[in-house]
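Peer 1: Sequence plus predicted model, see below.
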Amino acid sequence: MGTNVKPYEADGSKKQQVESMFDNIAPGYDNLNRLLTVGIDRIWRRKTIAKLEKTDLLVLDIATGTADMAIEAVKNHPCRKITGLDVSAEMLRYGQEKIDKADLGDQITLVKGDSEDLPFESDSFDAVMVAFGVRNFENLEKGLSEIHRVLKPEGKLLVLEFTKPRTPGFKQLFQLYFRYVLPKIGRMKSKDPKAYKYLFESVQAFPDFENFTAIMDKIGYTQCTYKALSLGICAIYQGSKS
């Protein structure tokens, strides 16, 4: 499952440190994301949302952050209602501002909560989405098990997550950017100099591609697949609850 990398060297659980980190970087999070990915992250989100397929769904968006994924889903897919959950109160505060501005409060509800101890009944959601959040789970298998619990039978899990490119040449170039350039930009633009160093380190430790689908299989998901995007910078994973 890889090393459980934490944002800071200080004592404290990964969960506590992730919450603190996202509280710190919330004010500039959206703008910095657009800068670092040249806006491609929006395309990745839309490709993930397109895999919902069915309409009129009750959807849980875990690690919703500033609600980018939830807002994108409402605008590009006929979902009935989306609940966004995140551990960071500051990220949720900025997300709520965006929801209010877009007048989407009737369709999107934000909740502060723990992805490894979800405050929902079993068999509650038609689909669960997690965009760039599973790396931050303190216990990956526990988080995936909780998602499995709250999914309805035949419900779908969609995960969008950074990966380690495997294409020769591009792999080395991207690693240089990801390890040295991106953290430097993050230090300049973010209030937390360690946040984007953690991004690189957590991606290196994350069990990606077939390693992640193997964990999904182990938890009990069926029809587990992945699709690499943008030469393997990230991937969409999906699985179902039988």
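Peer 2: It's in.
Peer 1: contacting residues around residue 115?
Peer 2: 62-63, 85, 87, 130, 133, 137, 143, 146-147 (Cβ atoms under 8 Å, 6 or more residues apart in numbering). Where C-beta positions appear, they are placed from N, C-alpha and C, glycine not excepted.
Peer 1: That one looks like it's in a strand, true?
Peer 2: No - Residue 115 is assigned coil when assessed by DSSP: H, G, I helix; E, B strand; the rest coil, not a strand.
Peer 1: Helix or strand: which one has residue 138?
Peer 2: Assigned by DSSP states H and E, residue 138 belongs to no helix or strand.
Peer 1: Surely it and residue 15 touch.
Peer 2: Yes - with contact defined as Cβ atoms under 8 Å, residue 138 reaches residue 15; the gap is 4.7 Å.
Peer 1: The worst-scoring helix or strand of the chain on mean pLDDT: how far from the chain's middle?
Peer 2: In the chain, the helix or strand scored least confidently by mean pLDDT, DSSP states H and E is helix 182-189, which has a mean of 84. On the basis of Cα atoms, centre = their mean, to the nearest Å, helix 182-189 sits 20 Å off its chain's mean C-alpha point.
Peer 1: Poorly predicted segments of the protein, please.
Peer 2: 1-3 (pLDDT under 70).
Peer 1: and of the contacts of residue 115, the nearest to residue 211?
Peer 2: Nearest to residue 211 out of the contacts of residue 115 is residue 137 (Cβ to Cβ; 14.8 Å).
Peer 1: Look up how far residue 97 lies from the closest one.
Peer 2: Distance of residue 137 to residue 97, computed by Cβ to Cβ, to the nearest Å: 26 Å.
Peer 1: For the least confident helix or strand of the chain, which outside residues touch it?
Peer 2: Residues contacting helix 182-189 (Cβ under 8 Å, 6+ apart): 28, 31-32, 35-36, 193, 195-197, 199-200.
Peer 1: just stretch 93-109 next, same as before
Peer 2: 26-27, 29-30, 64-68, 70-71, 74, 79-84, 86, 110.
Peer 1: just the buried members of those?
Peer 2: When these are checked for burial by 16 or more other Cβ atoms under 10 Å, the buried set is 26, 29-30, 64-68, 70-71, 74, 79, 82-84, 86, 110.
Peer 1: Which of those residues fall within helices?
Peer 2: 29-30, 68, 70-71, 74 (DSSP state H).
Peer 1: Let me see the ranges of the strands in the protein.
Peer 2: All strands of the chain, identified by DSSP state E, fall at 58-62, 81-86, 108-112, 125-131, 151-162, 222-229, 234-240.
Peer 1: Now for residue 161, how many residues are close by?
Peer 2: For residue 161, the count of nearby residues is 20 (other Cβ atoms under 10 Å).
Peer 1: quick one: contacts for it?
Peer 2: 130-135, 206, 208, 212, 234-235, 237.
Peer 1: please redo it, this time with the cut-off set to 7 Å
Peer 2: Residues near residue 161 by Cβ atoms under 7 Å, 6 or more residues apart in numbering: 132, 134-135, 206, 234-235.
Peer 1: what does residue 147 give?
Peer 2: So residue 147 contacts 62, 128, 157 (Cβ under 7 Å, 6+ apart).
Peer 1: residues touching the last one, list them.
Peer 2: So that's residue 157. Per Cβ under 7 Å, 6+ apart, neighbours of residue 157: 128, 147, 151, 221, 238-239.
Peer 1: ok now do residue 60, which residues does it touch?
Peer 2: Applying Cβ under 7 Å, 6+ apart, the residues contacting residue 60 are 83, 85, 125, 128, 150.
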